[in-house]
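Visitor: The amino acid sequence is not available; the structure is as follows:
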């Protein structure tokens, strides 16, 4: 069984909890306080040093635009996750192989997959499609 590693980083401008998932080559920012810009900078350095190819940030709804501006892709949300504040899951892919699913029925260069960084909804499970129809992400 693979066990990841959790790190807590505290600096003057921010505090953050990061989970290192070496088996799946990803880094996940579980929580943060302070400067989101500094959190993203540090998380991206960690991704590089860990040779990961995916960075996930559990952000707050009020940081939605800032995450988009930095090139992150919105993937999901959980209402009220952070003591009443909504959690938004954003990802940044550091390799095209990780960003683009080879399973898209329209091929690797399907524009929807390229723009959203994941397999298009045609290839999602029926459960995922139901969530989309209900307006949930």
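Guide: The structure has been received and is ready for your questions. Because the structure is a prediction, the values reported are computed rather than measured. Numbers count the residues shown, from 1 in each chain.

Visitor: Please make it C-alpha for all contacts and neighbour counts, starting now.
Guide: Fine.

Visitor: all helices in this structure, in order from the N-terminus.
Guide: 36-50, 64-69, 96-99, 111-116, 126-133 (DSSP state H).

Visitor: avg pLDDT for the second one?
Guide: To tie it back to what came earlier, the one meant is helix 64-69. The average pLDDT within helix 64-69 is 94.

Visitor: Go ahead and name everything in contact with that helix.
Guide: 73, 74, 88, 90 (C-alpha atoms under 8 Å, 6 or more residues apart in numbering).

Visitor: Show me which pair in the residues you listed is furthest apart.
Guide: Maximum pairwise distance in the contacts of helix 64-69, criterion C-alpha to C-alpha, is 10.3 Å, between 73 and 88.

Visitor: looking at the helices of the chain, which one has the lowest mean pLDDT?
Guide: Of all these, helix 126-133 has the smallest average pLDDT, which comes to a mean of 34.

Visitor: if I read this right, residue 57 contacts residue 26, doesn't it?
Guide: No: between residue 57 and residue 26 there is no contact, the gap being 10.8 Å when judged by C-alpha atoms under 8 Å.

Visitor: if you count what's nearby, which of those two comes out ahead?
Guide: Of the pair residue 57 and residue 26, residue 57 is the one with more neighbours under other C-alpha atoms under 10 Å, namely 25 against 21.

Visitor: ok, now which ones touch that one?
Guide: Counting by C-alpha under 8 Å, 6+ apart, residue 57 touches 28, 29, 30, 88, 89, 90, 91.

Visitor: What is the neighbour count of the fourth one?
Guide: I take that to be residue 88. Per other C-alpha under 10 Å, the neighbour tally for residue 88 reads 22.

Visitor: Which pLDDT does the model give it?
Guide: 92.

Visitor: Same check on the last one?
Guide: Here, the pLDDT recorded for residue 91 equals 93.

Visitor: Now do the contacts for it.
Guide: Residue 91 neighbours (C-alpha under 8 Å, 6+ apart): 54, 55, 56, 57, 72, 73, 74, 75.
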